[in-house]
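Asks: Just to be clear, the model below is a prediction. Sequence and coordinates:
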Amino acid sequence: MTRKITIIDEILARPVEDEQGRALLDVPLDRCTVRDLIRFRVEQEVARGEDAFLSLMAPHKTSQAPQERTLNSDTTNARAFAAAQNASRVQTPSDTLNAAVQQAYDAFHANAFVLFLNDQQAEDLDDEVVTSTLDQVTFVRLIPLQGG
């Protein structure tokens, strides 16, 4: 039986207003892991052509000072070059999905976001979740302090 669970996206210090940042997540299992929840989320968004979760994990570009943007431009150019080099390789939808899922796992390990199951913070990707007792999953994006 598929269970629908409310997911909420938040950025620390910016509360969710009304229904913005809310969606339903279809979870086809009675028991799963945090890893499974993240995978289901990414799969659903990729299937719908959405990228809300992927943008939740992305670096916060608007917080950079002009000097930071200048200093980071070499890195950006290197990334653009690497992307151009990889453009010749044809990616299948499966490659894209797997890369997005891995990016989400990496972001979780790097503390780019934290995950709350109801009101309990998930500590590990392998934490078990009983979906029958789960009403909402909150993804909170953490933004590093500037200047420190």
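Replies: Sure, I can see it.

Asks: For this structure, give me the ranges with low pLDDT.
Replies: 12-21, 50-93, 147-148 (pLDDT under 70).

Asks: Where is the longest strand in it?
Replies: strand 3-11 (DSSP state E).

Asks: What are the buried residues along that one?
Replies: 5, 7, 8, 9, 10, 11 (16 or more other CB atoms under 10 Å). (Each C-beta comes from the backbone N, C-alpha and C, glycine too.)

Asks: Okay, strands next: where are they in the protein?
Replies: 3-11, 22-27, 31-33, 113-117, 120-121, 128-130, 136-141.

Asks: if we can go back for a sec, which of the buried residues of strand 3-11 sits closest to residue 139?
Replies: residue 9 (5.2 Å; CB to CB).

Asks: returning to what we had before: between the buried residues of strand 3-11, which is nearest residue 32?
Replies: When the buried residues of strand 3-11 are compared against residue 32 (criterion: CB to CB), the nearest one is residue 5, at 10.6 Å.

Asks: If that closest one is in a bridge, with which residues?
Replies: residue 25 (DSSP bridges).

Asks: Looks like it contacts residue 132 (just checking).
Replies: No - assessed by CB atoms under 8 Å, residue 5 is found out of contact with residue 132, at 10.4 Å.

Asks: And residue 33, how close does it get to residue 136?
Replies: 17 Å (CB to CB, to the nearest Å).

Asks: Right, I'll call it a day here.
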